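[1] Compute the structure for the input listed below.
(chains A and B)
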There are 2 protein chains.
Amino acid sequence: MEIGRRKFLTSSVAAAAGSMLMIETNAMEKTKFKKGKGLEFSFFPYELKLRHTFTVAGNSRTTTPVVLTQMKFDGKTGYGEASMPPYLGESHESVLKFLNGLNLSQFNDPFRMDEILDYVDKAAPGNTAAKACVDIALHDLCGKLTGYPWYRMWGLTPEKAPDTSFTIGIDSAEVVRQKTKEAVGFKILKVKLGRENDKEMIETIRSVTDVPICADVNQGWKDKTFALDMIHWLKEKGVVFIEQPMPRENIDMNAWLTERSPIPVMADEAIQRLVDVKKIAGAYSGINVKLMKCTGLHEGYKMVVLAKSLGMKVMIGCMTETSCAVTAAAQLSPLADWADLDGNLLISNDPFEGIKIVDGQVTIPDRPGIGVIKLKS
Amino acid sequence: MEIGRRKFLTSSVAAAAGSMLMIETNAMEKTKFKKGKGLEFSFFPYELKLRHTFTVAGNSRTTTPVVLTQMKFDGKTGYGEASMPPYLGESHESVLKFLNGLNLSQFNDPFRMDEILDYVDKAAPGNTAAKACVDIALHDLCGKLTGYPWYRMWGLTPEKAPDTSFTIGIDSAEVVRQKTKEAVGFKILKVKLGRENDKEMIETIRSVTDVPICADVNQGWKDKTFALDMIHWLKEKGVVFIEQPMPRENIDMNAWLTERSPIPVMADEAIQRLVDVKKIAGAYSGINVKLMKCTGLHEGYKMVVLAKSLGMKVMIGCMTETSCAVTAAAQLSPLADWADLDGNLLISNDPFEGIKIVDGQVTIPDRPGIGVIKLKS
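    Numbers count the residues shown, from 1 in each chain, chains lettered A, B, ... in the order given. The predicted model follows:
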């Protein structure tokens, strides 16, 4: 009886305390996150088959090496990708070496991106594609854990995603005409210039279509007066902006050109990571953000915010890569002025389904994380 | 029989198509978000009672008007707040007028923050606290819908949240000594300077404690040489940074001082919103980000990203406000060099529970959204 009474008293004290705290029941919810064992990270090399031989100023190729990654935690799997076009210096060998050197199982909270990606970044200099395949898988995983795609968590309006350009490589007039015809439905074409036949390329495309063009020179022009004359000629031909017309090393020369150009001059080879943005802020009208160069979405988002805040234009680009990395990049696209997200369309063995181009516009899937589905092999 | 057979054929075609698509079952998940009816937004005025009469260069007061808000959607409720210290020009009247002019029920997706907050921002110029009480409720709501707090969605490490300063207002030596003694446990004190008795204030505090001090002058010094001499003297007294020493209008004079100052010179009155950051980038060492001035977390996060990218220091500040707005601001604090998040400690009628200061450090609650619990009134 004595014990019973004490029990009753204890209960009523607890009840009174509960009512004194007066906390709403539904407000007591905790985050759904539970710390468990560490991140499970796996990766394997893959070779993309290109639909057409791809030529940019300097080289041609028929395949692109990539590394596909998976990050598992709490029953969810995030997918990632590193794409290594050879002219950027990374390879299957370098990426696998970099990833083998990481110990991601030490982390038992995937949301600590600052901490995890700082560890990854400091593991070795360079290796930006290798770093991106960790970042992308981590974003896909965290998005799946919350149940939301990243464009939603960033507060973006998917209908604001821009039209994407479709790239026409340097080739014979016949092939260029054929590729241009295949690009029906695209509202903007990207043309690779920087060779002797630049004007011929443009005239060939104009013999087939009058859609707007962006011209990517890949540093191909060496003389600033020639470059400015070309830009004026290109503007008359319906070119709406120009990418990396001159060598990245000469910032002053690019600044001279940007100041005089009647259309925006975008930095590509001149921009890689967040720290580069303010260095080139006066010398270009804007930047091309590519996940494989900037180490992924975490840094890429900051680059976009920084560039927009500095009044610069932004385009979201990609390499030849699967729908995995392209769809990850597409999450950022509602913030961009232009998108160049055709990398997955250039390959014939895409193991993912993701971004769709509808009437030339980037359409981001309404699925959690980066929004891709892995097709069974 | 005929119909039965046709049915069977249809099923097997569907099955074959399913296997040809070869899509992983668990990858078919959609986002949890369902579009429903519009956002339900409500708000009511509230008056904060200050524990001590509060004096900054120019005025004293014993209460602060705030407006508390709620945003409901899909069974979840987000909380927000506008705080209107009188010297910033907003009031119960102006905030209620602004909020009454909004039609937020037209939005049926709270994650479209860019769109919603752009609509709110364009409703009228100024009104930054009124805008912030929409932004904060929206963030709380979206965080609760995902089940995660914002510091997690931003990828931040909560242990990196800095120590917060506790503010000692301008007062008699006796009161200053008393307040300083009450501030035991804080690892940094914020002292309001900018009057005749600046040195006496510092000496009085130093008679009680030797913890680091940040000095907030609220534009109180008018002569740059005097300001520089004072800063040198203050540094000797253990002042680690100085806030808004001189009038914000004279950017060149502030730049002169920042260049020569042995400790960081932070902008407060000189900085309000994202567009201001690049304007003052060379003239101050860093910025004080306050939600009530920058319209909330959406823009505040961008300001922090921009400032850090430009190599500037960042502090997260607050007004006299409830745990609602202070805890919202605390979500950003792991990105900051310093925090001044003591606003809720200065009041005696806080209707929320949120941020805790443990051993002087900001401790962000592990709850979804902005992390607050509303106490029943």
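[2] interface residues of the stretch 51-200 of chain A facing chain B?
    A:77, A:111-115, A:117, A:142, A:144-149, A:152-153, A:155-157, A:160 (Cβ under 8 Å from any Cβ of the partner chain). (Each C-beta comes from the backbone N, C-alpha and C, glycine too.)
[3] swap the cut-off to 10 Å and go again
    Proximity of the stretch 51-200 of chain A to chain B (Cβ under 10 Å from any Cβ of the partner chain) is limited to residues A:75-77, A:79, A:109-118, A:138-139, A:142-160.
[4] Please list the members of those residues that lie in strands.
    With strands defined by DSSP state E, the entries of these inside them are A:76-77, A:79.
[5] got a list of what the residue in the stretch 1-150 of chain A that chain B sits nearest to touches?
    Residue nearest to chain B within the stretch 1-150 of chain A: A:Met113 (2.9 Å; Cβ to the nearest Cβ). Residues in contact with A:Met113 (Cβ atoms under 10 Å, 6 or more residues apart in numbering or on different chains) are A:107, A:120, A:135, A:138-139, A:142, A:296-298, B:152-157.
[6] which among the residues of the stretch 51-200 of chain A next to chain B end up buried?
    Burial by neighbour count, judged by 16 or more other Cβ atoms under 10 Å in any protein chain shown, picks out A:76-77, A:79, A:109-117, A:138-139, A:142-158, A:160 from these.
[7] burial of the residue lying closest to A:Asp216 once chain neighbours are set aside, as a residue count?
    Computed as Cβ to Cβ, 6 or more residues apart in numbering or on different chains, the closest residue to A:Asp216 that is not its neighbour in sequence is A:Glu243, at 4.1 Å. When neighbours are counted by other Cβ atoms under 10 Å in any protein chain shown, A:Glu243 registers 27.
[8] same deal with A:Ile271?
    Neighbours of A:Ile271 under the rule other Cβ under 10 Å: 24.
[9] Which pLDDT value belongs to it?
    pLDDT, A:Ile271: 97.
[10] quick check, it in a strand?
    No. Assigned with DSSP: H, G, I helix; E, B strand; the rest coil, A:Ile271 falls outside any strand and is coil.
[11] what about the nearest residue to it once chain neighbours are set aside, which helix or strand?
    Leaving aside its chain neighbours, A:Ile271 sits nearest to A:Ile287 (4.5 Å; criterion: Cβ to Cβ, 6+ apart). Secondary structure assigned from DSSP states H and E places A:Ile287 in strand A:286-290.
[12] per-residue confidence averaged over that strand?
    For strand A:286-290, mean pLDDT is 98.
[13] Who are the contact partners of the residue nearest to A:Pro264 when sequence neighbours are not counted?
    In space, and not counting its chain neighbours, A:Pro264 is closest to A:Ser285: 3.7 Å by Cβ to Cβ, 6+ apart. Residues near A:Ser285 by Cβ under 10 Å, 6+ apart: A:241-242, A:258-259, A:261, A:263-267, A:311-313, A:337.
[14] Inside helices: which ones of the residues of the stretch 51-200 of chain A next to chain B?
    Counting by DSSP state H, the part of those found in helices is A:113-118, A:138-139, A:142-146, A:150-153.
[15] Can you check the pLDDT for the closest residue to A:Phe111 other than its chain neighbours?
    Distances taken as Cβ to Cβ, 6+ apart place B:Arg152 nearest to A:Phe111, at 4.1 Å, with adjacent residues excluded. pLDDT, B:Arg152: 97.
[16] residues in contact with B:Arg152?
    A:31, A:33, A:109-113, A:142, A:145-146, B:143, B:146, B:158, B:331, B:364, B:366, B:368.
[17] what's the answer for A:Leu310, then?
    Residues near A:Leu310 by Cβ under 10 Å, 6+ apart: A:277-278, A:281-282, A:286-287, B:277-278, B:281, B:306, B:309-310.
[18] which of those residues count as buried?
    A:277-278, A:281, A:286-287, B:277-278, B:281, B:306, B:309-310.
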